[in-house]
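Asks: Everything below, folded, please.
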Amino acid sequence: MKEKIESMKAPAAIGPYSQAVNNGGLVFVSGQLPIDCETGEFVSDDVSDQTRQSLENIKSILAEVGYDMDRILKTTVYLQDMNDFSAMNQVYETYFTAPISCSSSISSCKASERCKGRD
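Replies: Modelled structure (predicted):
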């Protein structure tokens, strides 16, 4: 049976979805914008800061069920500009240990104008 997961240390869901759900120990986390939950604002316009905040939000959500980033099997990263891939990746790799999860990075012209990186 699926169980809703919520963290007060990550931005609340703003639509008809959950921050995450747990089904028998398999946890699915919704995409996280680089929003600081204390201010409700994007952390900055810098892709490195945005990547760090998005990953911190995910980390906080996983902590609610006692998991850490090493439990992640797959990620999808949306970038407004693929020229930001290197800067995003430099931060991204600091959050994982080998073997690192599978990942896809996608350029999205629909990404928020203020959001240069999204996970």
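Asks: so where's the chain uncertain?
Replies: 109-119 (pLDDT under 70).
Asks: For it, just list every one of the helices.
Replies: 47-63, 85-92 (DSSP state H).
Asks: Show residues contacting the first one.
Replies: I take that to be helix 47-63. 5-7, 9-11, 19-20, 27, 29, 32-37, 42-44, 68-69, 71-72, 79, 84, 87-88, 90-92, 95, 115-119 (CB atoms under 8 Å, 6 or more residues apart in numbering). Any C-beta I mention is one placed from the backbone N, CA and C, and that applies to glycine too.
Asks: just the shortest one next, same as before
Replies: The set of residues external to helix 85-92 that reach it, using CB under 8 Å, 6+ apart, is 47, 48, 51, 52, 55, 77, 79, 103, 105, 117, 119.
Asks: Scan those residues and report the most crowded one.
Replies: Among the contacts of helix 85-92, the one with the most neighbours (other CB atoms under 10 Å) is residue 117, at 30 neighbours.
Asks: List the contacts of the residue of the chain positioned farthest from its centre.
Replies: Relative to the centre of the chain, and counting by CA atoms, centre = their mean, the farthest-placed residue is residue 1 at 24.2 Å. Contacts of residue 1 were listed using CB under 8 Å, 6+ apart, and they are residue 23.
Asks: For residue 29, give its distance to residue 108.
Replies: Going from residue 29 to residue 108 by CB to CB, to the nearest Å gives 18 Å.
Asks: These two: which has the busier surroundings?
Replies: Of the pair residue 29 and residue 108, residue 29 is the one with more neighbours under other CB under 10 Å, namely 20 against 14.
Asks: which residues sit in contact with that one?
Replies: Going by CB under 8 Å, 6+ apart, the list of residues near residue 29 reads 19, 20, 58, 61, 62.
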